[in-house]
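**Student:** Any chance you can model this:
(3 chains)
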Amino acid sequence: MSVKSILGTAALAVGLASAATAQDDPLKVGFIYVGPIGDGGWTYEHNEGRLAVEEHFGDQVETVYQESVPEGADAERAITQMALQGADLIFTTSFGYMDPTINVAQKFPDVKFEHATGYKRADNVSTYSARFYEGRAVQGYIAGQMTETNKIGYIGSFPIPEVIRGINSAYLAAKEVNPDVEFNVVWAYTWFDPAKEADAAQALIEQGADVILQHTDSTAPQAAAEKAGDVYTFGQASDMAEYKPAPRISSIIDNWAPYYIDRVQAVMDGTWESTDTWGGIGTGMVGIGEITDAVPADVKEGALALKERIGSGEYHPFTGPINRQDGSQWLAEGETATDETLLGMDFYVEGLEGEIPN
Amino acid sequence: MIRLEKRPEPSSLWTAVTPVLAVVLTMIAGGILFAALGNEPVIAIRTIFWDPIFGEFAFYYRGQLLVKAAPLILIAIGLSLGFRAGIWNIGAEGQYIIGAICGAAVGLAFYPANLWIVFPLMVIAGAIGGFLWAMIPAILKTRFNTNEILVSLLLVYVAEAILAWMALGPLRNPEGAGFPGSRNLRQYEAAANLELIEGTGIHWGVIAALIAVIFAYVLLKRHMMGFHIRLTGQSPRAARFAGVNPNMLVIFCLGLSGALAGLAGLFEVSGPAGQISIDFNVFYGFTAIIVAFLGRLHPIGILLAGLLMALTYIGGEAAQSTLGLPAAAIQAFQGMLLFFLLAVDLLTNYRVRLGREGVA
Amino acid sequence: MDLSAINPVILVASLMVASTPILLAAIGELVVEKSGVLNLGVEGMMITGAICGFAIAVETGSPTLGFIAAALGGALLSLIFGVLTQVLLSNQVATGLALTLFGLGISALLGQGYIGIKPPATPRIDLGPLSDLPVVGRILFSHDLMVYVSLALVAGVWAFLRYTRGGLILRAVGESHDAAHALGYKVILIRLAAIAFGGACAGLGGAYLSLVRVPQWTEGMTAGAGWIALAIVVFAGWRAWGVLLGAYLFGGVTVLQLNLQAAGMAIPVEVLSMSPYLITILVLVIMSADRRRAAMGAPASLGRVFHASS
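**Tutor:** Reported below is the predicted structural model:
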């Protein structure tokens, strides 16, 4: 055998081997988290989704993640890093990663990107988000009937559309079942400060609120409610089951697993396309945690029915007639809100008091 | 019996050797930590220290090192002058935020006019913003003798509240679908602080950091002000006899460090970060304090310390995503590196002697 | 808006609880600084105390053991700082900042298995009929043990610094370590003890957050409380009762601003949320303006490296 043919055979063998490894190579899926996994809330639930992907696909996938990535310059580097290291699909799980995701996606046309809660897309960038307001409507329905003082406290982080949407949705549902209900909104002005959340809950309770809704992730309000007694709360982001059956009487759970599994499957099948997904109760992205026995049976039944109707698409939490806070008409009789208005919602509906800080 | 004997002059040999020694010690201790977490220690250490500079993707990381180090160096240089004179500006984070807000506001006021003057005006506004924010503790200090550590620190929280307000209110992108955050300055040509040479990571902030290093070096070596600063640090009484006006020095040191922090904020918001958002600040102002001390308050030292700090950040991120090390492990590792660097510093300034005094 | 809905008695009672973590950390730091040492690592020690206390309380079911563990954890961590600054003569500002970084990291590593768990409840002290007294009953006699411990610590530190020989020595070390050394006092040992005390107090403050105030473990849950504690010490002019005043003032404004929001007060939220810091600065300016420089009370050797040359 000549030297040439030996080299030829070797080259072929190497070529085949590398082709074979390419085929067996697990799909590499990256996740960029805004907080630590140990936040017990937003990031924790995204990481649960990642673990579900690993569990579902086993050896077919390899997942990588980076936690506590600040939004901005550091995010762009973190995403680039994952793309360089051969990730095939990258989930960026915070609104502030929007521009960085788009920038990196331009440089890596073969890598697929999924950006949570944003609105900018590209051929290789999808967006996804959850209709948490659907869950808020169910909470509002329960809260409106559980309150005896007719005062419901609401702890918000920052006045962004996501939070405002939740307040409006919960208020409309509560008002529907209890026309005398009032909402007191307190803005913590921080994403994460459990002690401040505890203080905020305490302040609301002292002002007479006996149901507290929260758009912050810690269990501090639950603990404050438990101490006060006779105050009800709802779990947020995760189930907060440790405070069952009261004060926590139900919860909204972020459930990203089905979506993540779907999208990974799509990349494997080669059917992945840039899409805009806004999943709700119907698709399972928004879960309603167990409604405990602290809630009267008829209220529980009504809440489950409402959940059912929202899930099936029969009922939209924002169905007219609804006026804006200033009394001007927003939705006419029977009209439902468009996703576009909901996405950028920056106004209160009629009946809510106070101003949105801006 | 072990005892320490102060060297008359810091040892130049140990000045060079101690940082290396500290890094080696950190690698050993860090390796133990990583092994305890179930990782291959050698690979983890290599990922953090070696790969960003010489690894497969070094072409990308080298530039990122500069991007990460530039604001740290720029802020630390300003802080080091005050620290030398015993003027404690702990609130550079706030000056950084206000500088970014002022600079961005000026840029956004011109939107969408593409005039060359926009960026220079933003630079000036950024520096003035940081300067003015630092003037609050400076004037309170000189006028009412109010402690500048406390005031500058508390003003960080005030600046953060202003930042959130700006991102949600006055500076919010009108085309941003109601989401918080300003327009992206990188997409506005006249205001963008982009890479000057593609792929190198060098933007105006990097240039400014280098200029600041040289400026501080010359100031301390050759200029009367530098002499005053050093003298005040060593002996405030002697300084007063030498005709140093302590109030002027407070104004100068706080003002300069504020202006440099403001510049760092401006270069960051118009370049790598791109926009004013609620979470724009990432603790460069605090990290820069560590950088200033690691660099022994010396301009060249700060330059090197800034790069080392940036390396642990970037290498640490790589270790997270490639090895699955938790971010917390990296934080603890950085803490250890600092501990060792500070500990071995002893050898630079002191001689370790065995035996009793006078016997050896 | 309904300002009458804000009950001053309840407000005072809840501000006491809200202020306790920073009060504990600040009173410890006061002792450290009185000995002439500036430890900026309070945040790191608090968070380490928070997880040590939480973990032990969960494992043993006893909040008391949890608090003891928190104090030990905080003290142990502070001794890293102590050895570095006192024995190895490193710079205190930089070492303190490094300690914060290290504490945040190590606490997160320790806490990985403790997310989403509810700790055992810390009982409220039952003071019987005292708690039912009007006004004072709610303010003074209806808290958990740690609130009283924090007040006792303030009183104890005050008495120690003012009336005891040990306090005199501690202050002497803080004013002039060279003179104290010349008089034959063991400067390094005294300072190490002060640092460990400060660490223990910060640890207790952290555990108060994770076991009582919140109560839950999440990474980074101290969210800057340690920095506020540092500010309070300076604010207090290095006096024990000043620390109490500062902590309660700060906690009070924080609680009040949330109450004003809840009552629907028409003040912009961004102004309210920065108000605790602005008011602290304002009070500080007023206090420092009408007092002579010497009365500011900063220990003369604060932050300076001590090396016994003979």
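**Student:** Doesn't B:L4 belong to a strand?
**Tutor:** Yes - under DSSP: H, G, I helix; E, B strand; the rest coil, B:L4 sits within a strand.
**Student:** Name the residues linked to it by a beta bridge.
**Tutor:** B:V352 (DSSP bridges).
**Student:** That one against B:L354, yeah?
**Tutor:** No - look at B:L4 against B:L354 with Cβ atoms under 8 Å: they stay out of range, at 11.2 Å. For every residue, glycine as well, the C-beta is placed using N, CA and C.
**Student:** give me phi/psi at the residue of the stretch 101-250 of chain B found nearest chain A?
**Tutor:** Residue of the stretch 101-250 of chain B nearest chain A, by Cβ to the nearest Cβ: B:G178 (3.1 Å). Backbone torsions of B:G178, given as degrees, to the nearest 10, read phi 80, psi 0.
**Student:** out of B:L4 and B:L354, which sits in the busier spot?
**Tutor:** B:L4 (18 against 9; other Cβ atoms under 10 Å in any protein chain shown).
**Student:** Tell me who's in contact with that one.
**Tutor:** Applying Cβ atoms under 8 Å, 6 or more residues apart in numbering or on different chains, we find B:L4 in contact with B:346, B:350-353, C:89, C:307.
**Student:** Please convert the buried members of those residues into PyMOL selection syntax.
**Tutor:** Command for PyMOL that selects the buried part of the contacts of B:L4, burial taken from 16 or more other Cβ atoms under 10 Å in any protein chain shown:
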select buried, (chain B and resi 346+350) or (chain C and resi 89+307)
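**Student:** unless I'm mixing things up, the residue of the stretch 101-250 of chain B closest to chain A is touching A:V163, no?
**Tutor:** No - applying Cβ under 8 Å as the test, B:G178 and A:V163 come out as separate, 11.3 Å apart.
**Student:** can you give me the helices for the stretch 151-300 of chain C?
**Tutor:** For the stretch 151-300 of chain C, helices defined by DSSP state H, counting those that start in this stretch occupy the ranges C:165-175, C:177-182, C:187-208, C:225-235, C:240-262, C:269-289.
**Student:** okay if I get those helices as TSV plus mean neighbour count, distance to chain B and mean pLDDT?
**Tutor:** As requested, these are exported to TSV (neighbours: other Cβ atoms under 10 Å in any protein chain shown; distance: least, Cβ to the nearest Cβ, whole Å; pLDDT from 0 to 100):
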stretch	mean neighbour count	distance to chain B	mean pLDDT
helix C:165-175	18	16	92
helix C:177-182	18	13	89
helix C:187-208	27	12	96
helix C:225-235	27	4	88
helix C:240-262	23	10	90
helix C:269-289	19	4	83
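**Student:** List the backbone torsions phi and psi for residue 216.
**Tutor:** You didn't say which chain, so I picked chain A. phi -130, psi 160.
**Student:** hm, I was asking about chain C
**Tutor:** With angles defined as degrees, to the nearest 10, C:Q216 sits at phi -180, psi 160.
**Student:** which residue sits closest to it, ignoring its sequence neighbours?
**Tutor:** A:T219 (4.8 Å; Cβ to Cβ, 6 or more residues apart in numbering or on different chains).
**Student:** what do you get for A:G302?
**Tutor:** Take A:G302 and drop its neighbours on the chain: the residue closest to it by Cβ to Cβ, 6+ apart is A:Y141, 6.6 Å away.
**Student:** now swap in B:P52 and tell me
**Tutor:** Using Cβ to Cβ, 6+ apart, the closest residue to B:P52 is B:Y61 (4.0 Å).
**Student:** what's the following helix or strand after the helix or strand bottoming out on mean pLDDT in chain A?
**Tutor:** Scoring the helices and strands of chain A by mean pLDDT, DSSP states H and E places helix A:3-24 at the bottom, with a mean of 41. Once helix A:3-24 ends, the next helix or strand along the chain (criterion: DSSP states H and E) is strand A:27-32.
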